[in-house]
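Asks: Below: sequence and its predicted model.
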Amino acid sequence: MESAATPRPLPHKWLWRPNLIVFISSSCIMILELVAGRIIAPHVGASLYTWTSVIGVVLAGISLGNYLGGQLADRWASTRLLGGIFVLGGLTSLGILAVDEVDILSKTEWPFITDILLLITALFFLPATILGTVSPVVAKLAVRDLDKAGRTVGNIYAAGSMGSIAGTFATGFLLISWFGTHSIVWGVGLVLLIVGLLFLLGSSRRWTLFAALVLAVGSTLAFRTQWLEGPCTRETNYFCIQVREEDKDGEQVRVLILDRLVHSYTSLDNPTKLVYDYEQVYAGVTAYQAQRKDRLRALFIGGGGYTFPRYVELVYPYSDLHVIEIDPGVTEVAHEMLGLSRDTQVMTYNEDARMYLKREPTGTYDLVFGDAFNDYSVPYHLTTREFNDRVHAWLADDGLYVVNIIDGAWGKFLRAYTHTLQRTFRHVYVAPTVESWREASRSTFVLIASDVPLDLSAVEKANSGNSLLADRLLSEEESDALLAEGRAATLTDRYAPVDQMLALVFRDKVPE
């Protein structure tokens with residue numbers, strides 16, 4: 001009887017390092033998974049839905065790959081098969097760089113979540129599936145002695161897990177900020193192609209050298225033609241930052257885009273130019289508070305293009321102005337391209353607002369401006385009652401917390417956020433920035449929270465040249481009616497389904 005444990009000879013013994021092979025393939029899968037969210041952010045944004053889709057699609061691909069890899073391993077397990085898998089994995093990984101062409105799938109009339117799933121599936125499902133076949137094939141080839149099968153397979157899957165961990169940490173902490181997403185994808189594709197070609201051509205030095213030359217020339221051309229730079233002016237650990245020129249009311253302004261969302265319009269020549277209506281409402285609130293204070297002390301949650309901090313610095317030059325901007329890259333772009341002077345009086349703290357405000361107050365602010373919410377990109381931990389309590393701790397007794405949010409005509413998030421503010425502050429005012437907000441698919445609202453009521457006559461007096469704030473404020477009866485239109489949940493650190501509340505806004509739908 002022939003022994004089932006009789007091993008078949010393996011070619012390319014100098015290449016055969018099963019644990020290393022699985023380590024490399026697993027690292028590449030996780031690198032692609034982490035990069036996926038950043039690659040698609042300029043096209044469909046970054047939200048709970050995008051990351052849910054990325055993780056689900058990649059896991060589905062890996063699962064299918066494991067199944068198919070087992071079938072292939074039982075029939076044709078060989079190093080040549082492994083080489084072909086790595087080459088296909090490299091080619092399909094390079095195909096991710098065609099994201100701009102594939103993005104046409106996200107411009108359908110289907111539900112927004114379906115669009116996201118289609119785009120992610122088109123880009124990442126096939127590479128994940130192909131790389132998922134590696135482990136079963138390697139395990140089949142590595143088991144040379146059935147008495148040690150458990151140990152061998154265990155070592156292989158442990159190496160795969162270690163590769164996943166290494167790929168995750170390297171990408172999140174180092175690679176994205178060092179190289180940018182497009183260069184990372186190119187590097188992953190190159191590594192996979194090299195491993196695959198070594199298995200396929202390792203015995204032929206001439207073809208191996210030719211393949212190496214082709215890859216080297218292709219990489220050189222890709223870098224020299226700036227093909228791998230992607231759409232970002234600067235890519236950081238937080239955002240794909242883009243800056244472009246645009247005409248607004250006959251004046252050139254610079255537009256700051258973070259991922260796919262416009263965050264600010266900035267005039268280099270006229271810092272007092274405020275393009276957004278919500279900024280004009282902010283200006284009205286600032287004027288109201290300035291008439292009662294000799295020296296304003298203001299905190300801005302979110303710097304973006306620093307448009308409004310620059311405005312306050314110019315109009316109220318003796319103010320103390322502090323900005324919390326989580327991304328130092330955004331602050332640097334504001335200095336380099338958006339007119340923020342290096343000698344500015346605006347003091348910036350590059351950290352999460354939650355971390356800044358959790359400290360015991362070292363002083364109080366007359367104004368706290370929330371400007372970290374943009375469209376459906378809402379850091380949910382800045383919407384909760386616990387966060388509002390920390391803002392309250394840093395406010396002066398007559399201080400104002402002013403926040404802009406975006407919601408649709410349903411007002412689910414608007415009601416919940418207003419209701420949540422009321423749990424911390426005695427008075428909460430709602431100011432839609434457009435009159436037709438009931439018919440609009442999405443509108444910007446400014447909410448003003450304080451422990452003291454607004455003096456509406458003083459608001460009108462302070463804004464004689466800018467009536468937007470006074471005109472837009474809803475009356476107490478209108479605010480109560482708005483809250484009564486539907487469920488108004490209290491947002492907390494344990495319950496803040498902001499993405500779900502804004503789901504209908506994603507698709508620009510208006511209720512019938």
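Replies: Everything's here; your move.
Asks: which stretches of this structure have low pLDDT?
Replies: Scanning the chain for pLDDT under 70 picks out 1-15, 100-111, 145-147, 202-229, 375-376, 465, 506-512.
Asks: Pairing partners for the biggest strand by length in it, with directions?
Replies: Using DSSP state E to define each element, the chain has its longest strand at strand 395-407. Using DSSP bridges, strand 395-407 pairs in its sheet with strand 365-370 (parallel), strand 443-450 (antiparallel).
Asks: Make a markdown table out of those and add distance to residue 84.
Replies: (Each C-beta comes from the backbone N, C-alpha and C, glycine too.) Output for those, formatted as a markdown table (distance: least, CB to CB, whole Å):
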| stretch | distance to residue 84 |
| --- | --- |
| strand 365-370 | 54 |
| strand 443-450 | 54 |
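Asks: got JSON lines for the ones you listed, with mean neighbour count and distance to residue 297 too?
Replies: Output for those, formatted as JSON lines (neighbours: other CB atoms under 10 Å; distance: least, CB to CB, whole Å):
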{"stretch": "strand 365-370", "mean neighbour count": "24", "distance to residue 297": "5"}
{"stretch": "strand 443-450", "mean neighbour count": "23", "distance to residue 297": "15"}
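Asks: Out of those strands, which is closest to residue 280?
Replies: Across the strands paired with strand 395-407, residue 280 has its closest neighbour in strand 443-450 (9.6 Å, CB to CB).
Asks: roughly how far is the closest one from the heart of the chain?
Replies: When distances are taken as CA atoms, centre = their mean, to the nearest Å, strand 443-450 is centred 24 Å away from the chain's centroid.
Asks: Format the CA atom coordinates belonging to that strand as PDB.
Replies: What follows is strand 443-450, C-alpha atoms only, in PDB (Å, rounded to 0.1, in the frame of the first residue of the first chain):
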ATOM      1  CA  SER A 443     -30.100  72.300   4.000                       C
ATOM      2  CA  THR A 444     -27.600  73.800   6.400                       C
ATOM      3  CA  PHE A 445     -28.900  74.700   9.900                       C
ATOM      4  CA  VAL A 446     -27.200  76.800  12.500                       C
ATOM      5  CA  LEU A 447     -28.000  75.900  16.100                       C
ATOM      6  CA  ILE A 448     -27.200  78.300  19.000                       C
ATOM      7  CA  ALA A 449     -27.100  76.900  22.500                       C
ATOM      8  CA  SER A 450     -26.700  78.900  25.700                       C
END
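Asks: Show residues contacting it.
Replies: Identification of contacts with strand 443-450 by CB atoms under 8 Å, 6 or more residues apart in numbering yields 276-278, 281-282, 285, 388, 395, 398-409, 414, 417-418, 421, 424-434, 437, 454, 472.
Asks: just checking, next helix/strand downstream of the longest strand of the chain?
Replies: As assigned by DSSP states H and E, the chain's next helix or strand after strand 395-407 is helix 412-422.
Asks: centre of the chain versus the helix or strand following that following helix, how much separation?
Replies: Using DSSP H and E, the helix or strand that follows helix 412-422 towards the C-terminus is strand 427-432. Centroid displacement of strand 427-432 relative to its chain, using CA atoms, centre = their mean, is 29 Å.
Asks: ranges for the helices of the stretch 251-400 of the chain?
Replies: Remark: helices assigned in the stretch 251-400 of the chain by DSSP state H, counting those that start in this stretch are 277-290, 307-315, 328-337, 353-357, 385-394.
Asks: Packing partners of the host helix or strand of residue 67?
Replies: Applying DSSP H and E as the criterion places residue 67 in helix 48-76. Helices and strands touching helix 48-76, by 3 or more CB pairs under 8 Å, 6 or more residues apart in numbering; DSSP states H and E, are helix 18-44, helix 112-120, helix 126-132, helix 134-142.
Asks: And the helix or strand that comes right after that helix, how far out from the chain middle?
Replies: Per DSSP H and E, the first helix or strand lying C-terminal to helix 48-76 is helix 79-94. Computed by CA atoms, centre = their mean, the separation of helix 79-94 from the middle of its chain amounts to 30 Å.
Asks: Please list the outside residues in contact with helix 79-94.
Replies: Here helix 79-94 makes contact (CB under 8 Å, 6+ apart) with 10-12, 15-16, 21, 25, 28, 32, 72, 126-127, 130-131, 133-134, 137-138, 141, 185-186, 188-193, 195-200.
Asks: try it again with 7 Å
Replies: Helix 79-94 is contacted from outside by 10-12, 32, 72, 126-127, 130-131, 133-134, 137-138, 185-186, 188-189, 192-193, 195-197, 199-200, using CB atoms under 7 Å, 6 or more residues apart in numbering.
Asks: And stretch 47-58, by the same measure?
Replies: 33, 36-37, 40, 44, 113, 116-117, 120-121, 124-125, 128, 376-377, 499.
Asks: what do you get if the cut-off is 8 Å, keeping everything else the same?
Replies: 29, 32-33, 36-37, 40-41, 44, 112-113, 116-117, 120-121, 124-125, 128, 376-377, 499, 503, 506.
Asks: How many neighbouring residues does residue 397 have?
Replies: Per other CB atoms under 10 Å, the neighbour tally for residue 397 reads 8.
Asks: residues contacting it?
Replies: 451-452.
Asks: if you set the cut-off to 6 Å instead, what comes out?
Replies: Residues near residue 397 by CB atoms under 6 Å, 6 or more residues apart in numbering: none.
Asks: Could you list the buried residues of the helix holding residue 67?
Replies: 49-50, 53-54, 57-58, 60-62, 64-65, 68-70, 72-73 (16 or more other CB atoms under 10 Å).
Asks: Nearest to residue 383 among these?
Replies: Using CB to CB, residue 49 is the member of the buried residues of helix 48-76 that lies nearest residue 383, at 17.1 Å.
Asks: Quick check: residue 427 touching residue 453?
Replies: Yes: the pair residue 427 / residue 453 is scored as a contact, 5.0 Å apart, by CB atoms under 6 Å.
Asks: Those two - which one has more neighbours?
Replies: With neighbours defined as other CB under 10 Å, residue 427 and residue 453 compare such that residue 427 has more, 15 against 10.
Asks: Next, work out how far apart the more buried one and residue 469 are.
Replies: Using CB to CB, to the nearest Å, we find residue 427 at a distance of 15 Å from residue 469.
Asks: same check, this time on residue 277
Replies: Plainly put, residue 277 is 10 Å away from residue 469 if you go by CB to CB.
Asks: Please apply the same query to residue 27.
Replies: Per CB to CB, residue 27 is found 54 Å from residue 469.
Asks: Where does residue 440 fall, secondary structure wise?
Replies: Using DSSP H and E, no helix or strand contains residue 440.
Asks: What's the local residue count around it?
Replies: 16.
Asks: returning to that earlier point: the more surrounded of residue 27 and residue 469?
Replies: residue 469 (27 against 23).
Asks: so what's that one up against?
Replies: Residue 469 touches 281, 284, 463, counting by CB under 6 Å, 6+ apart.
Asks: Tell me the most packed of the residues you listed, by neighbour count.
Replies: Most neighbours among these, by other CB under 10 Å: residue 281, with 28 neighbours.
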